[in-house]
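# this one's sequence-less:
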């Protein structure tokens, strides 16, 4: 890889210091670095703009490069994005190593959705060694072959503690494992993982880890999709974690995969049991086809305006039985649930969606342990906030929606005698980040849009009306989402 090419998609950055090329750039260079950095922070993730910023002058290049190389991906199956290219690039531009905070290994093959790349774990461990400020490691569509040496586990166990890393996120997504030894070696090289995300893993042969203990602290587990033999995997991991490391564990899921995802989650909860302190469940993925929320499936051209609405076909719900998730054996203190609104749905089709979400959330609550002291209900939306849609959320058109709000209100107080707070987190705009990206454009309002403050005030008024018992007891409270 040449020194002028980054690991970003087609981004090229000149590594040599750049001199001012015009009077304008000379004036720009006199801006205080703090001001330039503030400007750059607003275009983080916009690779084209950041690349342009590196060409202004030397001072701008120095400030823009940390943003440009904040997230880097290696794609072994893609020419110029291989491991050899990546490590050659680090050799020619050693300063970049300290800029990379988030690193992705994507073994997918562009010409096939099935074929994946074989990756030796030594490559991944070298990334941990070479990137001193790394906080997130994402591994997707990678096949880890069996280790060649019999002493691979012993070597990993002798990794000096000073070299073990701390990560905010370690994500394993759609990776077939011929053996769990490579994963064990990876975990053994990390001292602390804030969130261990496991999405659709495939255990092919041996599903048991080596017998040695893991001195790895895991604070949260995000499990997603279907996971064959999940119980055996989680039991093997739990047995190797140090004593006392699991209590206080948080578990989160979006239940992508319907009832199979529910079954996988149930096995995880059964293994960690009383170690789990909080559970977060977004029932949307197990309540309907996601495409019925983000775009209609019965028209040739997807609508981009909220005026172009269609009815959710009944088939969107046929493959999704109501959720049955038994958590009564747990001793969790906090339960986080989600309620999703969609601007493209109005009237009867919106009521169908909201009724299913409320019923599934109620079923989660009904099977939750009575030890819960805090419940958080996050209101996520797809598309703009419309005041006209509040009637659908309230259940003005369909009494079934109103009935489920009342049942949620009454049952919560009856079941959780120690409940201290029922917090509604409003204006959560993270739906696309959590479920996207989507091929179709997000719907836009055809009329004047509301501010976030107006959205917040609208929902506060609505929820005080549909949850009167919680409000009267002084348990109901509200805060605005950070996203």
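Cool, the structure landed. These numbers come from a predicted model, not from an experiment.

# who are the neighbours in contact with residue 259?
Residue 259 sits next to 286, 320, 321, 323 when contact means C-beta atoms under 8 Å, 6 or more residues apart in numbering. (C-beta placed from N, C-alpha, C; glycine too.)

# Can you give me the pLDDT of the third one?
Spelled out, that is residue 321. Note on residue 321: pLDDT of 82.

# about what we covered before: pull out the buried members of the contacts of residue 259.
The neighbour-count test (16 or more other C-beta atoms under 10 Å) marks 286, 320, 323 as buried among the contacts of residue 259.

# Show me which of the residues you listed is closest to residue 279.
residue 323 (13.0 Å; C-beta to C-beta).

# mind listing what the closest one touches?
Taking C-beta under 8 Å, 6+ apart, one finds 255, 259, 262, 283, 286, 287, 360, 363, 364 in contact with residue 323.

# so can I have a markdown table of those showing distance to residue 190?
Shown next, in a markdown table, are those (distance: C-beta to C-beta, whole Å):
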| residue | distance to residue 190 |
| --- | --- |
| 255 | 27 |
| 259 | 33 |
| 262 | 29 |
| 283 | 31 |
| 286 | 31 |
| 287 | 35 |
| 360 | 35 |
| 363 | 36 |
| 364 | 32 |
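
# So which of these belong to helices?
Counted as lying in helices by DSSP state H, out of the contacts of residue 323, are 259, 262, 360, 363, 364.

# Weed out the non-buried ones from the residues you listed.
For the ones in helices among the contacts of residue 323, a neighbour count by 16+ other C-beta under 10 Å gives the buried set as 259, 262, 360, 364.

# and the last one, what pLDDT?
Read it as residue 364. pLDDT, residue 364: 95.

# go on, the second one?
Residue 262 carries a pLDDT score of 91 in this model.

# if I look at it, how far off is residue 251?
According to C-beta to C-beta, to the nearest Å, residue 262 stands 13 Å off from residue 251.

# ditto for the first one
Plainly put, residue 259 is 18 Å away from residue 251 if you go by C-beta to C-beta.

# With respect to residue 222, which of the ones in helices among the contacts of residue 323 is nearest?
Residue 222 lies nearest to residue 262 out of the ones in helices among the contacts of residue 323, by C-beta to C-beta, at 15.2 Å.

# The closest one reaches residue 286, doesn't it?
Yes: contact status for residue 262 versus residue 286: in contact at 6.0 Å, counting by C-beta atoms under 8 Å.

# List the residues that are in contact with both of those two.
255, 323.

# rewinding a little: would CSV of the ones in helices among the contacts of residue 323 with distance to residue 291 be doable?
Shown next, in CSV, are the ones in helices among the contacts of residue 323 (distance: C-beta to C-beta, whole Å):
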residue, distance to residue 291
259, 18
262, 20
360, 18
363, 24
364, 23
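
# Show me the two of those that sit farthest apart.
The distance between the two most remote of the ones in helices among the contacts of residue 323 (C-beta to C-beta) is 13.9 Å, for 259 and 364.

# In contact with residue 394, which residues?
The contact partners of residue 394, by C-beta under 8 Å, 6+ apart, come to 401, 402, 405, 462, 465, 466.

# The first one: what's its closest spatial neighbour, skipping adjacent residues?
Counting by C-beta to C-beta, 6 or more residues apart in numbering, residue 401 lies nearest to residue 395, which is 3.1 Å off, once chain neighbours are set aside.

# Also the second one?
Nearest in space to residue 402, with sequence neighbours left out and distances taken as C-beta to C-beta, 6+ apart, is residue 395 at 3.2 Å.

# ok, that neighbour - contacts?
Residue 395 sits next to 351, 354, 401, 402, 403, 404, 405, 466 when contact means C-beta under 8 Å, 6+ apart.

# Neighbour count and distance to residue 86 added to these, as JSON lines?
As requested, the contacts of residue 395 are exported to JSON lines (neighbours: other C-beta atoms under 10 Å; distance: C-beta to C-beta, whole Å):
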{"residue": "351", "neighbour count": "23", "distance to residue 86": "51"}
{"residue": "354", "neighbour count": "24", "distance to residue 86": "47"}
{"residue": "401", "neighbour count": "24", "distance to residue 86": "52"}
{"residue": "402", "neighbour count": "18", "distance to residue 86": "56"}
{"residue": "403", "neighbour count": "14", "distance to residue 86": "57"}
{"residue": "404", "neighbour count": "22", "distance to residue 86": "52"}
{"residue": "405", "neighbour count": "22", "distance to residue 86": "52"}
{"residue": "466", "neighbour count": "19", "distance to residue 86": "53"}
